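J.: Just the structure for this:
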Amino acid sequence: MDASSLRVLGLSRWKLAVLAAVVMAALGGAAFWGYTALNQAGAEGIRYRWANVSIEVPPRSGPEDIVVNRREGLPDIYSPSPGTMVPGLRIFKDVAVGEHIERSNVYVDATTGQVVHEDVLPEHRAEFDAVLATLHLEGPEPPDIWPYSGTPPEGCRREFGDITYIEPDPASGIAFTYVLSDGPQGSGMTLIISNGRSKRRIDGETGRVIVDDGERGREQVDERDRQAFDRLTASIELVAQ
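T.: So this is what the prediction gives:
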């Protein structure tokens, strides 16, 4: 059945994945609750890339949805190379039950696509199986999406400190981290651009690239990412005073 047939039936890829997960859960006796509620009017899932892998989750609709967290380094206890920064994905779900939190966690090595840790509650299993079924090893080559190619998305300008920047599609594999510092040498705001392989720091007050950030080290941008990072940096604007 092709995509056009699915549209005629009013079904999205995610609804079919969920339907399959429900059937599998019923056959296996596992509990299944509310996963179809994550699909907003048949919206497709959101694909996140990080380093060499990508994964797809439904659009978020509430605090108990599955969340994808792109991490620069896996926890040492789950890392294939303890003591080194191995980029990873953390896929988790938190559900408040009374005064405590019931949590399911999965960690993925973002360089190989291997699941290195899995602690999923039975009642969350069908949801996680549907998401993990979308895990794909993309390889080291950059994606064919802005800022690697094409034009920047509209309406995606974000503000941090005294600057604004364009936030790429999550499928680009590029994520942002905010760092606020306050010490004897003064306070500062830093915007970190990273894709699990390359990293660039931007001064949140001036919009300039921080080439050498003292103890944090020098800029680390792979040649495969340099043009894309340069396009992102060039899109930064100062907030009008």
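J.: Next, the residue nearest to Gly173 when sequence neighbours are not counted: phi, psi?
T.: Residue nearest to Gly173 in three dimensions, not counting chain neighbours: Arg49, with 3.6 Å by C-beta to C-beta, 6 or more residues apart in numbering. (C-beta placed from N, C-alpha, C; glycine too.) Torsion angles at Arg49 (phi, psi; degrees, to the nearest 10) stand at phi -110, psi 150.
J.: give me the number of residues near Gly204?
T.: Per other C-beta atoms under 10 Å, the neighbour tally for Gly204 reads 20.
J.: Just confirm it contacts Ile192, I think it does.
T.: No: Gly204 is not in contact with Ile192 according to C-beta atoms under 8 Å; the separation is 10.1 Å.
J.: give me phi/psi at Val179?
T.: Dihedral angles (degrees, to the nearest 10) for Val179: phi -130, psi 120.
J.: OK, contacts around the residue lying closest to it once chain neighbours are set aside?
T.: Of all residues not flanking Val179 in the chain, Thr190 sits nearest, at 4.2 Å (C-beta to C-beta, 6+ apart). Counting by C-beta atoms under 8 Å, 6 or more residues apart in numbering, Thr190 makes contact with 178-181, 201-204, 210, 213.
J.: Break the chain down into its structural domains.
T.: As assigned by automatic domain parsing, the chain contains the domains 3-137, 157-238.
J.: Kindly check the end-to-end length of the shortest one for me.
T.: This means domain 157-238. Start-to-end span of domain 157-238 (C-alpha to C-alpha, to the nearest Å) is 12 Å.
J.: gap between that domain and the chain center?
T.: Taking C-alpha atoms, centre = their mean, to the nearest Å, the mean C-alpha location of domain 157-238 is offset from the chain mean by 17 Å.
J.: and what of stretch 130-142?
T.: 12 Å.
J.: got the buried residues for that stretch?
T.: 130-131, 134-135, 138, 142 (16 or more other C-beta atoms under 10 Å).
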